[in-house]
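Asker: Need a 3D model of the sequence below.
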Amino acid sequence: MSDFTPRPGQSVDGYDVTGRLGTDYYQVFADIPDEDRAIWQRAKDYVDEVGTRMQEAWDAAAYPIDLAMRMGELDLFNDGIDHPDLTRFSPLAAGLVNMEVSRGDGSLGTVIAVQGGLALRTLALFGSPAQQERWLEPVARGEVPAAFALTEPDHGSDSVSLETAARREGDAWVLDGAKKWIGNGASGGITFVWARVDSPGDETHGAVRCFLVEQDAPGYTGTVITGKASLRGIHQAHIVLDGVRVPHDAVLPGAKSFKDASTVLYSTRSGVAWSALGHATACYEAALAYAQQRTQFGKPLAKFQMVQERLAQMLEELTAMQLYCRHLADLESSGGLRPTQASLAKYHNTRAARRIAQTARDLLGGNGILLENGVMQHLADIEAIHTYEGTESVQALLIGRDITGMSAFA
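Answerer: Numbering: from 1, shown residues only. Model (predicted):
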């Protein structure tokens, strides 16, 4: 119980703005199947369990990996991956988990994207039976942190031009290069390294392949990137590969070109759209709760016309985001989802989430910059998801190529 005593000039000790309000103005999620709803509830319970520690971790730029891997214990890492040894999540259930976890904390939402959407999916799609037998369950259960290393210091949006090299030496592969912004890349687990084969005379020379590398391998150095103002509760690494030697069977046999890396990225793009919806929901609901609790000029903010108009604008965009995500899940369930449709959802939702977060921050006034009220943290984290899995500009060019039939990529 609070021991706060009202005083002249301060009538309340704070505002309760981080609770769920269940916003669903168009009843987009009213008909969710019971099985999917149970998975969604598991994600809600998890967020409530870890929320306080994660807020402290974000403030301190610390990565509580035990909390992150707890999602594996609760079987929340399956990102809609279809594999006989994994619990099957429908696209809708996978989206709801992404949404709910991101609504609680964006760093944890990124953990799902990395551990489940990228790493686990890569292993499930392209790994050999032996690789899957050894690693699939430990990664899915959060027993081993896993990373997906594609982006390089010199190659982000143009990751197709990656320069990390893999050459054959006898019965082994030797990897040299650098990767950047790699979630879980310095967490003591495994990394799926995408590299270009540099072995003249080899039939795969010049091809992009994927290699399973244990992070304690000699020559592998993962350094945590510091100074981040976004996603502060997860560590991303700058990786240096200096003559890292791995056995010949470390290559994932199903990953034979950059197109395979793109398959993984396209699949996780839907998750980013759902993640943006989670962030936006938290911001809208915080703004609505604050407007109802905060009194200025003798009446609640919610009674001011300008405030009601802002809330209506935010709800308009939030509802559109919900409709995008629900139909995205329906398309995926029917097998009719095209990659550029996922791009459009990511493009729309991260842009809309940005606008909602900015409006919410403004509506909360000075209280909007306090981490305890959530909005500022979500606003900062949205900046990261707006960029990763393909920037706004890249998504626009992918969509533009699809609708015009002409490529504008340089």
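Asker: ok, longest helix in the protein?
Answerer: Using DSSP state H to define each element, the chain has its longest helix at helix 258-293.
Asker: chain center to that one, what's the gap?
Answerer: Here helix 258-293 is found 8 Å from its chain centre; the criterion is CA atoms, centre = their mean, to the nearest Å.
Asker: packing partners for that helix?
Answerer: Counting contacts by 3 or more CB pairs under 8 Å, 6 or more residues apart in numbering; DSSP states H and E, helix 258-293 is packed against helix 91-104, helix 106-111, helix 121-126, strand 208-214, strand 299-300, helix 305-334, helix 339-363, helix 375-387. The way it works is simple: take the backbone N, C-alpha and C, and place the C-beta from them, glycine included.
Asker: neighbouring contacts of the second one?
Answerer: Residues external to helix 106-111 that are found in contact with it (CB atoms under 8 Å, 6 or more residues apart in numbering): 47, 50, 54, 57-58, 63, 67-68, 71, 98, 101-102, 183-184, 230-234, 275, 278-279, 377-378, 381-382, 384-385, 388.
Asker: buried set for the longest helix of the chain?
Answerer: Within helix 258-293, the residues that count as buried by 16 or more other CB atoms under 10 Å are 258, 260-261, 263-292.
Asker: re the thing from before, so which of the helices and strands packed on helix 258-293 is the most packed in?
Answerer: Counting by mean count of other CB atoms under 10 Å, helix 106-111 has the highest mean neighbour count of those, with a mean of 29.
Asker: how's the protein carved up into domains?
Answerer: 34-140, 146-257, 259-404 (automatic domain parsing).
Asker: what's the neighbour count on residue 404?
Answerer: By other CB atoms under 10 Å, the residues close to residue 404 number 9.
Asker: Distance check, it against residue 398.
Answerer: 11 Å (CB to CB, to the nearest Å).
Asker: What of residue 353?
Answerer: Applying CB to CB, the value for residue 353 to residue 398 is 19 Å.
Asker: Stretch 10-30: how far from the chain's middle?
Answerer: The answer for stretch 10-30 is 23 Å, by CA atoms, centre = their mean.
Asker: buried set for it?
Answerer: For stretch 10-30, by 16+ other CB under 10 Å, it's 15, 17-18, 28-29.
Asker: Could you list the low-confidence segments of this protein?
Answerer: 1-2 (pLDDT under 70).
Asker: most centrally placed residue in the protein?
Answerer: Taking CA atoms, centre = their mean, the centroid of the chain lies closest to residue 110, which sits 3.3 Å from it.
Asker: what about the helices and strands packed on helix 258-293, which gets the closest to residue 149?
Answerer: strand 208-214 (8.2 Å; CB to CB).
Asker: ok, and what's touching the closest one?
Answerer: Strand 208-214 is touched from outside by 122-123, 126-127, 131, 135, 162, 166, 173, 175, 189-197, 220, 241, 244, 246, 250-252, 255-258, 260-261, with contacts defined as CB under 8 Å, 6+ apart.
Asker: May I have that strand as PDB, with CA atoms only?
Answerer: The C-alpha trace of strand 208-214 is given here as PDB (Å, rounded to 0.1, in the frame of the first residue of the first chain):
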ATOM      1  CA  VAL A 208      25.800 -18.000 -50.300                       C
ATOM      2  CA  ARG A 209      25.600 -20.800 -47.700                       C
ATOM      3  CA  CYS A 210      24.700 -21.000 -44.000                       C
ATOM      4  CA  PHE A 211      27.000 -22.500 -41.300                       C
ATOM      5  CA  LEU A 212      26.200 -23.600 -37.800                       C
ATOM      6  CA  VAL A 213      28.900 -22.200 -35.600                       C
ATOM      7  CA  GLU A 214      29.300 -22.700 -31.800                       C
END
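Asker: Check the offset of it from the chain's centre.
Answerer: Mean-position distance between strand 208-214 and its chain equals 22 Å (CA atoms, centre = their mean).
Asker: Okay, angle between it and helix 258-293 too, please.
Answerer: Angle, strand 208-214 to helix 258-293, by axes from the mean of the first three to the mean of the last three CA atoms, to 10 degrees: 70 degrees.
Asker: Mind listing the residues bridging to residue 167?
Answerer: residue 174 (DSSP bridges).
Asker: which ones are touching residue 127?
Answerer: Taking CB under 8 Å, 6+ apart as the test, what residue 127 contacts is 135-136, 212, 252-254.
Asker: ah, wrong one, I meant residue 98
Answerer: Contact analysis of residue 98 by CB under 8 Å, 6+ apart lists 79, 109, 112-113, 271, 274-275, 278.
Asker: ok, now how distant is the closest residue to it other than its chain neighbours from residue 124?
Answerer: Nearest non-adjacent residue to residue 98, counting by CB to CB, 6 or more residues apart in numbering: residue 274, 4.0 Å away. Going from residue 274 to residue 124 by CB to CB gives 20 Å.
Asker: cool, and residue 285?
Answerer: 35 Å.
Asker: Let me know whether residue 64 touches residue 55 as I believe.
Answerer: No. Residue 64 lies out of contact with residue 55 (CB atoms under 8 Å); the separation is 11.0 Å.
Asker: Can you work out which residues contact both of these two?
Answerer: By CB under 8 Å, 6+ apart, no residue touches both residue 64 and residue 55.
Asker: Tell me how many other residues surround residue 257.
Answerer: Quick note: residue 257 (other CB under 10 Å) scores 12 neighbours.
Asker: From residue 194, how far out is it?
Answerer: In terms of CB to CB, residue 257 sits 10 Å off from residue 194.
Asker: now residue 328: how far from residue 80?
Answerer: The value you get for residue 328 to residue 80, if CB to CB is used, is 11 Å.
Asker: Report the set of residues contacting both of those two.
Answerer: Common neighbours of residue 328 and residue 80, using CB under 8 Å, 6+ apart, are 91, 95, 270.
Asker: Now the last one: closest residue in space, sequence neighbours ignored.
Answerer: Yep, that's residue 270 we're talking about. residue 342 is the one closest to residue 270 (CB to CB, 6+ apart), at 4.8 Å.
Asker: quick one, what contacts that neighbour?
Answerer: By CB under 8 Å, 6+ apart, the residues touching residue 342 are 266-267, 269-270, 273, 328.
Asker: Looking at the residues you listed, which is nearest residue 37?
Answerer: Of all the contacts of residue 342, residue 328 has the smallest distance to residue 37: 18.2 Å, by CB to CB.
Asker: The closest one is in contact with residue 95, isn't it?
Answerer: Yes. With contact defined as CB under 8 Å, residue 328 counts as touching residue 95 (7.3 Å).
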